[in-house]
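Undergrad: take this sequence and fold it.
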Amino acid sequence: MKNLQGNTMEDERVRHVVVDGNRVGIVGLKQAFEKLAENYHGMSDEALADELFLTLSKKNYIPPKAKDAYAKAFLREFKKFVGLPVKEETSDNLEIKVLGTGCPQCDGLEQSLIQICSELGIKASIDHVRDPEEIRKYKAFALPALVINGHLKSMGLVPPPPTLRQWLREYS
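TA: Numbers count the residues shown, from 1 in each chain. Alright, predicted model coming up:
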């Protein structure tokens with residue numbers, strides 16, 4: 001399916017990258033990587049980073065002061081995409097994923113997590129993963145499911161707030 005600009009839904013899919021310790025959503029990342037992967041051989045890291053930045057800044061707002069940090073993150077992710085070894089950048093924030101297709105239970109779990117993180121003053125990135133292919137990667141066989149810092153904590157139920165608070169404190 002195409003939108004008014006003639007882009008497919010895949011073109012508009014948001015992918016996350018870590019920029020200076022913060023997870024940031026970027027539109028068009030996969031398409032930019034696929035295009036550049038055909039002709040990157042012989043390019044310097046600086047040229048690759050510049051090309052990726054120019055391409056991706058057309059569809060994404062990037063603060064002018066953060067150009068270098070974004071270019072570095074794009075280069076790192078591109079290298080992973082083509083199978084080159086890279087040093088992973090990590091986020092200081094808690095990484096929380098709600099796995100589910102968007103039912104009221106999944107949405108409720110996401111809202112509870114946002115509220116509890118706010119109450120406890122916990123810095124976290126909370127993603128609601130709705131893509132069935134992504135969900136399968138976590139081996140979650142019942143939804144909603146909750147993943148905290150890569151650990152599957154629950155499946156098929158919405159944990160009560162005291163349990164969520166305990167888990168969030170353990171990982172923060």
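
Undergrad: okay, CA-based contacts and neighbour counts for the rest of this
TA: OK.

Undergrad: averaged pLDDT, stretch 24-42. What do you get?
TA: Throughout stretch 24-42, pLDDT has a mean value of 90.

Undergrad: buried residues in that stretch?
TA: For stretch 24-42, the neighbour count (16 or more other CA atoms under 10 Å) marks Ile26, Val27, Gly28, Leu29, Lys30, Gln31, Ala32, Phe33, Leu36 as buried.

Undergrad: cool, stretch 83-98 as well?
TA: Buried-residue list, stretch 83-98, by 16+ other CA under 10 Å: Ser91, Asn93, Leu94, Glu95, Ile96, Lys97, Val98.

Undergrad: mind checking pLDDT for the closest residue to the third one other than its chain neighbours?
TA: Counting by CA to CA, 6 or more residues apart in numbering, Ala124 is the residue found nearest to Leu94 once chain neighbours are left out, at 4.3 Å. According to the per-residue confidence, Ala124 scores 87 in pLDDT.

Undergrad: contacts only, for Ala124.
TA: Ala124 sits next to Asn93, Leu94, Glu95, Ile96, Cys117 when contact means CA atoms under 8 Å, 6 or more residues apart in numbering.

Undergrad: got phi/psi on it?
TA: phi -150, psi 150 (degrees, to the nearest 10).

Undergrad: which residues in the protein form strands?
TA: 14-19, 22-27, 94-99, 124-129, 145-148, 151-155 (DSSP state E).

Undergrad: sorry, back to before: which one among the contacts of Ala124 gets closest to Ile135?
TA: Set against Ile135, the nearest of the contacts of Ala124 by CA to CA is Ile96 (13.4 Å).

Undergrad: so who does that closest one touch?
TA: Residues near Ile96 by CA under 8 Å, 6+ apart: Ala124, Ser125, Ile126, Asp127, Leu146, Val147, Ile148, Asn149.

Undergrad: out of these, who's nearest Leu157?
TA: Among those, and counting by CA to CA, the member closest to Leu157 is Leu146, at 9.2 Å.

Undergrad: for the closest one, list each beta-bridge partner.
TA: Counting by DSSP bridges, Leu146 is bridged to Val98, Ser154.
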